[in-house]
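> how would this look folded up:
(2 chains)
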Amino acid sequence: MRVLPVGTDALLVEVSSGDQAQALHAELLRRRKAGSLRVRDIVPAARTVLLDGLADPAGLAADLAATRLPPAAPAPPRTVEVPVRYDGPDLAEVAAHWGVSVPEVARIHARAEFRVAFCGFAPGFGYLTGLPGRYDTPRRATPRTAVPAGSVALAGPYTGVYPRTSPGGWQLIGTTDVVLWDPAREPAALLVPGTRVRFVPADGPEPEIPAAGAGTASAVGAA
Amino acid sequence: MTDRALAVVRAGALTTVQDQGRAGHAHLGVPRSGALDGPAAALVNRLVGNAPDAAVLETTVDGCALRPRSAVTVAVAGAPCAVTVDGRPAAWGAPVRVRAGEVLEAGRACCGVRAYVGVSGGIAVDPVLGSRSTDLLSGLGPAPLTDGAVLPLGAPAAPPARVDVAPVPAPPLELVLRVTPGPRDDWFTPLAVRTFTSRTYRVSPASNRIGLRTTGPALERARREELPSEGMVLGAVQVPPDGTPVVFLADHPTTGGYPVIAVVHPDDLPAAAQAPPGTPVRFVAVRRR
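Here you go, the predicted structure:
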């Protein structure tokens, strides 16, 4: 774990894997909830967690350097199911890249258990990890000027769902009607960092998916 | 209370509603937003008797014109500009009484970029995540003003300040930005780090509420690989592939994948908001406390 000072009141804590970043994020959230960490923003990302708005960054940096992380993040408190139609315009390209058939792309994607590693790009846009590394997907060579809201897309190790129409270079594999972002909802983002996510094919449950754990809530009507 | 409102007579090039922003939602991908020149926004609020977090209008270069439907007190500060009420000259940087139906105009900035218009009671559009700020990156908050739009006003909280003149800093002829190095200064060559804090850059016309872009000597990277996306702070100096520094302002993205060579001291960012294109910029390295 490397602790890098950022400006006058922030720290960037760098770890060596996405799993460790999620474990660190969970530990920092636990400390904030317990009242032992006072900070304005905790921003997880691919290999880092940013702590912004700290009263005593130097003191916390020393404390964190002596911290040993738990080996894995605790089980997330919430699971969201996202109904999806695997009808994206880039399905064939993704299938070719993975070396599988088009229907197999949908099966592989729907079988994986995802977790929101971090948010960014747009309010409510989550970077979801969970696909095995052999299914990393390159971005499109030419980004689209307008990706429709609700598009389920792949880039690198991540799956994302566009909360609103925006430009984007991710490969589109499907569509969902779930509302990803609703400022009137608390939290406004459906996919908050740490949330467990499963994509459920809209044309019926995928028989190969093992039963979800307790506490599973459908995203539909979760507002 | 329907007459507690302002009609927009001339929206200007880009006029937005701003308050102190919506910090604390960065983990959801929500920029902090808020007035770029915070002290100027706080000043106009103080002059008209508002709380510091009341929403004001932030104009860009050419001001705006407004017609209140009831008598209000207004104040214009930030970028210096001519202020008129129904064409009659009025004070800049001081409370001004405007009667129902009169037109308050903040003219073109003679220097600086952004003028702030505070109105007694504050702009009372519906808040989003606790803020009324327009966020131009992600589209949260009210849309930028358009001619003919009508903005609701809140109820005045306190009488206007009793001042003749409020001291305000002049817009910068040269922008001197104190920076603390890192977190990714080690991604640049030692020569690039020296270049960054010794050469003069200029404010690029491509600057906006998201970032102060610059032109000047390109900074060469020592590491060529891609930086995994990481959290970004206000004032971060990000260096995109073209090598010229971009200072992140209020509407900056919450995560980014280009290395941050240094972070600008927050007290120096209001001046950055008032530096027009072409203004020389120097980044001065300072120690971290």
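> who's in contact with residue 192?
Going with chain A. A:78, A:116, A:119, A:126, B:27-28 (CB atoms under 8 Å, 6 or more residues apart in numbering or on different chains). Backbone N, C-alpha and C define where each C-beta goes, glycine included.
> Chain B was what I was after
For B:Ala192, the contact set (CB under 8 Å, 6+ apart) comprises B:219-222, B:261.
> Can you name the secondary structure element that comes next after the one helix or strand A:Val152 maps to?
Here A:Val152, judged by DSSP states H and E, is contained in strand A:151-155. Next along the chain after strand A:151-155, taking DSSP H and E as the criterion, comes strand A:158-161.
> Dump the C-alpha coordinates for the helix or strand hosting A:Pro5 into CSV.
Per DSSP H and E: A:Pro5 is located in strand A:2-6. Presented in CSV, the C-alpha positions along strand A:2-6 are these (Å, rounded to 0.1, in the frame of the first residue of the first chain):
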residue,chain,number,x,y,z
ARG,A,2,1.4,3.4,-1.1
VAL,A,3,0.0,6.6,0.3
LEU,A,4,0.5,9.6,-2.0
PRO,A,5,-0.3,13.2,-0.8
VAL,A,6,-2.6,15.1,-3.1
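> Which segments of the chain make up each domain?
All of this refers to chain A. For chain A, automatic domain parsing gives the domain ranges A:2-65, A:79-222.
> could you do chain B instead?
B:5-152, B:175-285 (the TED database).
> any idea which of the ones you listed is most buried?
Ranked by mean neighbour count, those are led by domain B:5-152 with a mean of 21 (mean count of other CB atoms under 10 Å in any protein chain shown).
> distance between the ends of it?
Domain B:5-152 has an end-to-end distance of 4 Å (CA to CA, to the nearest Å).
> Stretch B:111-127 now?
Using CA to CA, the two ends of stretch B:111-127 sit 32 Å apart.
> now swap in stretch B:146-166 and tell me
Termini of stretch B:146-166 sit 30 Å apart (CA to CA).
> Looking at that stretch now, give me its mean pLDDT.
Across stretch B:146-166, the average pLDDT comes to 90.
> contacts for that stretch?
Contacts of stretch B:146-166 (CB under 8 Å, 6+ apart): B:1, B:4-11, B:17, B:43, B:46-51, B:54, B:68, B:72-73, B:75, B:77, B:93-95, B:119-125, B:145.
> Show me which residues of chain B sit near chain A.
Counting by CB under 8 Å from any CB of the partner chain, chain B comes close to chain A at B:23-30, B:128-129, B:138-140, B:180, B:182-183, B:228-233, B:235-236, B:253-256, B:260, B:263-266, B:288-289.
> Could you pick out which of those are located in helices?
Using DSSP state H to define helices, no part of the residues of chain B next to chain A is located there.
> got a pLDDT number for the single nearest residue of chain A relative to chain B?
Closest to chain B within chain A is A:Leu50: 2.8 Å, counting by CB to the nearest CB. Looking at A:Leu50, its pLDDT is 98.
> residue contacts, the residue lying closest to it once chain neighbours are set aside?
Spatial nearest neighbour of A:Leu50, excluding adjacent residues (CB to CB, 6 or more residues apart in numbering or on different chains): B:Gly231 at 2.8 Å. Neighbouring residues of B:Gly231 by CB under 8 Å, 6+ apart: A:12, A:41, A:43-45, A:48-50, A:52, B:26, B:254-255.
> Same question for A:Val116.
Taking CB under 8 Å, 6+ apart, we find A:Val116 in contact with A:126-128, A:191-195, A:197.
> try it again with 6 Å
Residues in contact with A:Val116 (CB atoms under 6 Å, 6 or more residues apart in numbering or on different chains) are A:126, A:128, A:191, A:193, A:195.
> Would you map the helices across the stretch 101-250 of chain B?
B:190-198 (DSSP state H, counting those that start in this stretch).
> in the longest helix along chain A, what counts as buried?
Secondary structure assigned by DSSP H gives helix A:18-34 as the longest helix of chain A. For helix A:18-34, a neighbour-count test (16 or more other CB atoms under 10 Å in any protein chain shown) marks A:18-29, A:31 as buried.
> chain center to it, what's the gap?
Relative to its chain's centre, helix A:18-34 lies at 15 Å (CA atoms, centre = their mean, to the nearest Å).
> For A:Lys33, see how far away the residue at minimal distance from the centre of chain A is.
Among the residues of chain A, the one closest to the centroid is A:Val116, at 2.4 Å (CA atoms, centre = their mean). Distance, A:Val116 to A:Lys33, by CB to CB, to the nearest Å: 18 Å.
> How about the contacts made by A:Gly124?
Per CB under 6 Å, 6+ apart, neighbours of A:Gly124: A:163, A:180-181, A:189.
> which phi and psi does it have?
In terms of degrees, to the nearest 10, the main-chain angles of A:Gly124 are phi 90, psi 0.
> Residue ranges in chain A under the pLDDT threshold?
Scanning chain A for pLDDT under 70 picks out A:72-73, A:76, A:204-223.
> now do the stretch 1-150 of chain B
Along the stretch 1-150 of chain B, the parts satisfying pLDDT under 70 run over B:1-2.
> Tell me the residues of chain A that contact chain B?
A:4-7, A:10, A:12, A:40-41, A:43, A:45-48, A:50, A:52, A:119-120, A:122-123, A:125, A:183, A:189, A:193 (CB under 6 Å from any CB of the partner chain).
> What subset of those is buried?
Using 16+ other CB under 10 Å as the burial test, the residues of chain A next to chain B include A:4-7, A:10, A:12, A:41, A:43, A:45-48, A:50, A:52, A:119-120, A:122-123, A:125, A:183, A:189, A:193 as buried.
> Now intersect these with the strands, please.
A:4-6, A:10, A:12, A:41, A:43, A:48, A:50, A:52, A:119 (DSSP state E).
> Widest-spaced pair of those residues?
Farthest apart among those by CB to CB are A:Pro5 and A:Cys119. That separation is 23.7 Å.
> For chain A, what's its nearest residue on the stretch 51-200 of chain B.
For the stretch 51-200 of chain B, CB to the nearest CB, closest residue to chain A: B:Pro183, 3.8 Å.
> Just confirm that residue contacts A:Leu4, I think it does.
Yes. Contact criterion CB atoms under 6 Å: B:Pro183 and A:Leu4 qualify, at 3.8 Å.
> Need the residues touching each of these two.
A:Leu12.
> picking up where we left off before, and the strand holding A:Val152, which strands flank it?
Paired with strand A:151-155 in the same sheet, following DSSP bridges, are strand A:158-161 (antiparallel), strand A:171-175 (antiparallel).
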